[in-house]
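>>> Could you look at this predicted model? Sequence included:
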Amino acid sequence: VARGVHEASRVLAVDPHEPAVYASCSNGAASTHTMVRVDIVANKEPVAFALPSIHKDEIRGAEISPFQRDVRYLLTASMDQTAALTMLACAPAACGSSSMVMPVRCSPVVAARLSVGAQAWSCAWDACDPYRCYVGTAGGRVLAFDLRHPSAPQMVWDGPRSGAVHVLAPEQPTTAPNYSPVHSMVAIRLADKDEGRGERCRLVVANAQHIYALPEQPNGRWIRLTGDIDREAGRSCLSISFDARTSCVGASFRAPDGTGGRMTVHELYEIGFAPLVWQRRREISVPSAQNRWARSTAFSCRMAASSRISALSLFGAAVEASRCVRLWDVEGPRVRDVASLDVAAPEDIVDVRAGQWSEEGADDGEADGPTMSPAFVASLTTRSLRIYQIE
């Protein structure tokens, strides 16, 4: 993915509609920062295609719109203090035709640029509204943008400042302001519907110290889901992800190992919002310092009809000490180590993502949905992308 001497990769985005993965590629010397699309074709070598330059500084977050509508966008968050909407696919109706068909690929072009006012560290699409997206900043803010009015943020959550945090755990709230960058976020569709507003979505975000549930309105208090004990024990959050099938948030932490060294702790939390539920379900401790920032992933995949099980819940993360990606089965009563995917030196793993598509191209998330393609895990290093099929 990153072929040149001055090039490096950092984040992955999985296309939820067709078998393709997007990996960031930054060239600091040339000040070009873009995404590389890798098409996954059965029994063929992956085909890579570099999009035109999107940003002027490193891309820290990327996500493709989960909605199948007239235009499909790639959302990216960058250190150049902007987020960009790059058009990947377009239906003829969006180009003036009267026929409504599904979007097809077009020449990628930046359709809108969102001014964030600070370095952008993360981004996400709303789980219910196809016109809304979110951007997390280095200053601890979260901004909501409406694609129909992209010139300014529609709402701004001003960070977990002093006195603005309600602690879910029993510890006392901290009085120190917290300006840590919001480096991870997930948008969660609520199971219940509001009769006046229809489907609703809540955001869960993470900075280096804690994981928070954002209030529905910006003037509400951020709900801190992790307690003071995490900070006092020297733990720092590396990333969060969300598995919709199990309603679990996967989180990775860098933590002391009790001997003066460091280790990585991965945890799965059940989450709910009516009422608020945050309960630890699984914990995986790995004797690896994980000095390199890397994203982990919690995900579910459907198995083939001939399989003994219909679905599988997995957690994947980089293990710096052994230079590999580890996969754990977290479906059963005990965590089971199922795979170790090695990466050759001197490459460092920076992101792990997973995906699965239906024969039509998109997973609708229903238990009795269409026939699914084999699931896959993708690991990204600073230089290359590896794709593994799950059978």
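Yep, it's here. Just so you know, these numbers come straight off a predicted model, no measurement behind them.
>>> Please name the residues that touch the closest residue to residue 237 other than its chain neighbours.
Distance criterion C-beta to C-beta, 6 or more residues apart in numbering; nearest residue to residue 237, sequence neighbours excluded, is residue 206 at 4.7 Å. C-beta coordinates here come from the backbone N, C-alpha and C atoms, glycine included. Residues in contact with residue 206 (C-beta atoms under 8 Å, 6 or more residues apart in numbering) are 182, 183, 184, 185, 212, 237, 239, 240, 251.
>>> Buried ones from the residues you listed, can you make that a PyMOL selection?
Buried subset of the contacts of residue 206, written as a PyMOL selection, criterion 16 or more other C-beta atoms under 10 Å:
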select buried, resi 182+183+184+185+212+237+239+240+251
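>>> So which of the contacts of residue 206 are in strands?
Among the contacts of residue 206, DSSP state E puts 184, 185, 212, 237, 239, 240, 251 in strands.
>>> What mean pLDDT does the helix or strand that residue 337 is a member of get?
Assigned by DSSP states H and E, residue 337 belongs to strand 336-342. Strand 336-342 comes out with an average pLDDT of 94.
>>> Begin at 13 from now on, thanks
Sure, I'll start counting at 13 from here, so that last one is strand 348-354.
>>> and it, which strands flank it?
When pairing is defined by DSSP bridges, strand 348-354 lines up against strand 336-341 (antiparallel).
>>> follow-up on the earlier one: please identify which of the contacts of residue 218 is nearest to residue 85.
Closest approach to residue 85 among those (C-beta to C-beta): residue 197, at 17.1 Å.
>>> which residues does the closest one bridge with?
Applying DSSP bridges to residue 197 gives these bridge partners: residue 217.
>>> is it true that it touches residue 135?
Yes: the pair formed by residue 197 and residue 135 meets the contact definition of C-beta atoms under 8 Å, at 7.3 Å.
>>> Tell me how far the residue most central in space within the chain lies from residue 324.
Centroid-nearest residue in the chain, with C-alpha atoms, centre = their mean: residue 253, separated by 5.7 Å. Remark: distance between residue 253 and residue 324 (C-beta to C-beta, to the nearest Å) = 16 Å.
>>> Low-confidence bits of the stretch 163-312 of the chain, can you list those?
173-176, 178-191, 204-210, 240-245 (pLDDT under 70).
>>> ranges for the strands of it?
167-169, 177-179, 196-201, 213-218, 223-225, 234-236, 248-255, 260-268, 274-285, 288-298, 309-314 (DSSP state E, counting those that start in this stretch).
>>> For the longest one, which residues meet the burial criterion?
Meaning strand 274-285. For strand 274-285, the neighbour count (16+ other C-beta under 10 Å) marks 274, 275, 276, 277, 278, 279, 280, 281, 283, 285 as buried.
>>> Identify the farthest-apart pair in the ones in strands among the contacts of residue 218.
Top of the distance list for the ones in strands among the contacts of residue 218 (C-beta to C-beta): 224 and 251, 14.2 Å.
>>> For the stretch 13-162 of the chain, which segments are assigned as strands?
19-20, 24-26, 32-39, 44-51, 59-62, 71-76, 83-90, 94-102, 116-127, 132-137, 144-149, 154-158.
>>> for those, which one sits closest to residue 329?
Among these, strand 24-26 sits nearest to residue 329 (C-beta to C-beta), with 13.5 Å.
>>> right, and residue 249 touches residue 224 too?
No: with contact defined as C-beta under 8 Å, residue 249 and residue 224 do not form a contacting pair (10.3 Å).
>>> centre of the chain versus the strand holding residue 349, how much separation?
Offset of strand 348-354 from its chain centre (C-alpha atoms, centre = their mean, to the nearest Å): 21 Å.
>>> Now do the very next helix or strand once past that strand against strand 260-268, angle only.
Where DSSP H and E defines the elements, the next helix or strand beyond strand 348-354 is strand 361-367. For strand 361-367 against strand 260-268, the angle by axes from the mean of the first three to the mean of the last three C-alpha atoms, to 10 degrees is 160 degrees.
>>> who's in contact with strand 361-367?
Contacts of strand 361-367 (C-beta under 8 Å, 6+ apart): 21-28, 33, 304-309, 311, 313, 326, 328-330, 332, 335-337, 355, 387-394.
>>> mean confidence score for that strand?
For strand 361-367, the mean pLDDT works out to 95.
>>> Please apply the same query to stretch 102-110.
60.
>>> Check stretch 74-91 too.
On average, stretch 74-91 scores 93.
>>> What are the buried residues along it?
By neighbour count on 16+ other C-beta under 10 Å, the buried set for stretch 74-91 is 74-80, 82-91.
>>> try stretch 26-43
Buried positions in stretch 26-43, judged by neighbour count with 16+ other C-beta under 10 Å: 26-39.
>>> taking the mean pLDDT, what do you get for that stretch?
Regarding stretch 26-43, the rounded mean pLDDT is 94.
>>> Now do the end-to-end distance for that stretch.
Distance across stretch 26-43, first residue to last, is 25 Å (C-alpha to C-alpha, to the nearest Å).
>>> Residue 38 contacts residue 70, doesn't it?
Yes: when contacts are counted by C-beta under 8 Å, residue 38 is listed as touching residue 70 (5.0 Å).
>>> Between those two, which contacts overlap?
Residues within reach of residue 38 and of residue 70 at once, by C-beta under 8 Å, 6+ apart, are 22, 45.
>>> Name the nearest residue to residue 94, ignoring sequence neighbours.
Spatial nearest neighbour of residue 94, chain neighbours left out: residue 125 (5.2 Å); criterion: C-beta to C-beta, 6+ apart.
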